[in-house]
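# no sequence for this one, just the structure:
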C-alpha cells in the first residue's frame, strides 16, 4: 500500500517536500515505515532516529501496525512553548 | 480551553477569561521570545505546528491538569508564524481555589506543553542563519 507521511520542520527541509509517499506492505509496522522513509529519503538519516511517528495523531511505537488510510506524520523533537 | 493562533496573544483577555468568583487564585504564564541563547542572538522565531495533533495534545494536557488539581478554568494559547523578540509565543492561565494549586497547575500545563505538543520553532539568528530547534533527549512519549 502507498502511504502519505507529513513532514515538519527540519524533516521537511531535508526532504524538500511537505508530504512523502512511501510503499509499505499491508500490515506493515511503524518500524518498517521508518525503514521505508529512510530508503525514500536518505538525507533523513541523522534526524529520523530522533523523531517520533504519529499514526492518526497519536504517538505510535515501532511495533504498531500502520492502518491503510491512517494520517501519518514524522514528528521531530518538539520545541514549542517557552524556553 | 486551548487554541492555536496567528494573532498576537491578548493576555489580559486570557486572564479575564479564567478569573471567576469560585476561585481565589489566578496564575497566568507568558512565554516570550528572548534575544539570547548562549552566545547566539535571536532576531526572530518562526513557529509551526501539526495543528490537529497539537490541539489533541493540548486537550489531553488540560484533562490531565484538571485530574491533578482543582482547576476552575484553564486556558492555553500558542501563537504560530513569525514572531519578533519580546513577542508572546505561548500563554497559560489557570484559576484554582488557592495559590499553591494555581502555581503548580499552571507550571504543569506549560511543562507538559513543551514536552508533548507538536510545535516547532525556527531560530532566525543575527548572522542571517536560520535553524530549526530539535532538542536532544527522550523522544518516545
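Here it is on my side, so go on. Just so you know, these numbers come straight off a predicted model, no measurement behind them.

# Please name the nearest non-neighbouring residue to residue A:40.
Leaving aside its sequence neighbours, residue A:40 sits nearest to residue A:22 (Cβ to Cβ, 6 or more residues apart in numbering or on different chains; 5.1 Å). For the C-beta atoms, the positions are set from N, CA and C on the backbone; glycine is no exception.

# Before we move on, what's the pLDDT of the one you found?
Reported pLDDT at residue A:22 in the predicted model: 96.

# what do you get for the one 4 residues further on?
In this prediction, residue A:26 carries a pLDDT score of 92.

# tell me the contacts of the residue nearest to residue A:40?
Shown here is residue A:22, whose contacts under the criterion Cβ atoms under 8 Å, 6 or more residues apart in numbering or on different chains are A:2-3, A:5, A:33, A:36-37, A:39-40.

# next one: residue A:37
Shown here is residue A:37, whose contacts under the criterion Cβ under 8 Å, 6+ apart are A:5, A:20, A:22, A:44, A:48, A:74.

# For the residue nearest to residue A:5 when sequence neighbours are not counted, name its beta-bridge partners.
With sequence-adjacent residues excluded and distances taken as Cβ to Cβ, 6+ apart, residue A:5 is closest to residue A:72, at 4.5 Å. Residue A:72 has the following beta-bridge partners by DSSP bridges: residue A:5, residue A:55.

# Put together CSV for the contacts of residue A:37, with secondary structure and distance to residue B:50 on each row.
Compiled in CSV, these are given as follows (DSSP: H, G, I helix; E, B strand; the rest coil; distance: Cβ to Cβ, whole Å):
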residue, secondary structure, distance to residue B:50
A:5, strand, 12
A:20, strand, 15
A:22, strand, 18
A:44, helix, 17
A:48, helix, 17
A:74, strand, 10
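
# and chain A, which residues reach chain B?
A:6, A:8-10, A:13, A:47, A:50-52, A:54, A:57-59, A:61, A:71, A:73, A:75-83 (Cβ under 8 Å from any Cβ of the partner chain).

# one more time with 6 Å, if that's ok
The interface of chain A toward chain B, taken as Cβ under 6 Å from any Cβ of the partner chain, is made up of A:8-10, A:50, A:52, A:54, A:57, A:59, A:73, A:75-82.

# Would you mind checking the residues you listed for buried ones?
Burial by neighbour count, 16 or more other Cβ atoms under 10 Å in any protein chain shown: within those this picks out A:8-10, A:52, A:54, A:57, A:59, A:73, A:75-82.

# taking those one by one, which sit in strands?
When those are checked against strands (DSSP state E), the matches are A:52, A:54, A:59, A:73, A:75.

# nearest to residue B:98, of the residues you listed?
Set against residue B:98, the nearest of those by Cβ to Cβ is residue A:59 (34.1 Å).

# where does chain B have low pLDDT?
Of all residues in chain B, those with pLDDT under 70 make up the ranges B:138-141.
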